[in-house]
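A.B. asks: attaching a predicted model along with its sequence, questions to come.
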Amino acid sequence: MRSVLKAVSWRILGTLDTFAISWFMTGRPEIAGSIAGTEIITKILWYYLHERIWMIIPWGRRQFGRAT
């Protein structure tokens, strides 16, 4: 549960950062909100894809149960 809450709080912080930067760059909070809202979805999808790809890559994983 702690890891889930940390992930959610990190995503909220990242989205607020994107919103603030977008508002600063555009001067329009509605555009900043649109960018931040889109960013929530795309970042979650990219993270999921990134994790799935790394699950396929064996590099750096320990092989438990095998004699070395």
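C.D. replies: Arrived safely, thanks for sending. None of these values were measured; they are calculated from a predicted model.
A.B. asks: C-alpha only now, for contacts and for neighbours.
C.D. replies: Noted.
A.B. asks: name the element the most centrally placed residue in the chain belongs to?
C.D. replies: In the chain, the centroid-proximal residue (Cα atoms, centre = their mean) is Lys43; its distance is 4.5 Å. Using DSSP states H and E, Lys43 sits within helix 29-56.
A.B. asks: could you list the buried residues of that helix?
C.D. replies: Judged by neighbour count using 16 or more other Cα atoms under 10 Å, the buried positions of helix 29-56 are 32-33, 35-36, 39.
A.B. asks: pLDDT weak spots in this protein?
C.D. replies: Regions of the chain meeting the criterion pLDDT under 70 cover residues 65-68.
A.B. asks: please redo it, this time with the cut-off set to 80
C.D. replies: Along the chain, the model assigns pLDDT under 80 to residues 63-68.
A.B. asks: work out the gap between the helix or strand encompassing Ser9 and the centre of the chain.
C.D. replies: Per DSSP H and E, Ser9 falls inside helix 2-26. Relative to its chain's centre, helix 2-26 lies at 9 Å (Cα atoms, centre = their mean, to the nearest Å).
A.B. asks: now stretch 42-59
C.D. replies: Stretch 42-59 has its C-alpha centroid displaced from the chain centroid by 11 Å (Cα atoms, centre = their mean).
A.B. asks: I'd like the buried residues of helix 29-56 as a markdown table, with distance to Thr26 appended.
C.D. replies: Compiled in a markdown table, the buried residues of helix 29-56 are given as follows (distance: Cα to Cα, whole Å):
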| residue | distance to Thr26 |
| --- | --- |
| Ala32 | 7 |
| Gly33 | 11 |
| Ile35 | 11 |
| Ala36 | 13 |
| Glu39 | 16 |
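A.B. asks: quick one, the helix holding Lys43 and helix 2-26 angle?
C.D. replies: With axes from the mean of the first three to the mean of the last three Cα atoms, to 10 degrees applied, the angle from helix 29-56 to helix 2-26 works out at 140 degrees.
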